[in-house]
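Colleague: this one's structure only:
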Ligand SMILES: [Cu+2]
């Protein structure tokens with residue numbers, strides 16, 4: 001349930017929408033008494049609801065599909081959970097599928113979030 005919820009937020013990109021989905025899921029979770037999920041959801045929520053609004057610019061320097069890793073020369077990053085200046089560095093991606101169409105040299109817009117202490121690319125879109 002957590003995974004599909006995160007995907008939905010990433011796709012819809014509207015924080016208001018995300019809050020509504022969150023409210024529904026939370027109610028549902030409480031109805032299914034005994035499911036211990038409220039604390040986890042509450043921690044995750046602020047980052048997810050804001051991530052779509054904080055895209056950064058980057059240029060792809062390397063793609064490592066096997067290890068779900070991408071190297072980006074990036075501009076300033078300021079997402080809900082990650083902030084850093086411009087540099088070239090590699091990031092793990094949240095889902096392998098994010099790398100399916102991207103090539104070295106592509107310009108991208110992306111979002112990085114702190115997932116379990118690691119700056120991870122959660123949204124990646126290729127700019128034409
Ligand atoms: Cu960096």
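Modeller: Received it, and whenever you're ready, just let me know what you need. Everything quoted here is computed from the prediction, not taken from an experiment.

Colleague: Stretch 80-100 near the ion anywhere?
Modeller: Yes. Judged by Cβ under 5 Å from the ion, stretch 80-100 and the ion are in contact via 84, 87, 89. C-beta here means a position set from N, CA and C on the backbone, and glycine is covered the same way.

Colleague: Just the buried ones among these, please.
Modeller: If you count burial by 16 or more other Cβ atoms under 10 Å, none of the residues of stretch 80-100 next to the ion comes out as buried.

Colleague: Could you look up the SS state of the closest residue to residue 79 other than its chain neighbours?
Modeller: Spatial nearest neighbour of residue 79, chain neighbours left out: residue 54 (4.2 Å); criterion: Cβ to Cβ, 6 or more residues apart in numbering. State at residue 54, reduced to three classes by DSSP: H, G, I helix; E, B strand; the rest coil: coil.

Colleague: pretty sure residue 119 is in a helix, no?
Modeller: No. The assignment for residue 119, made by three-state DSSP, is strand rather than a helix.

Colleague: And the residue nearest to residue 99 when sequence neighbours are not counted, how far from residue 100?
Modeller: Sequence neighbours aside, residue 65 is the residue nearest to residue 99 in space, at 5.1 Å (criterion: Cβ to Cβ, 6+ apart). Computed as Cβ to Cβ, to the nearest Å, the residue 65 to residue 100 distance reads 8 Å.

Colleague: Show me which of these two is the more surrounded one.
Modeller: residue 65 (12 against 9; other Cβ atoms under 10 Å).
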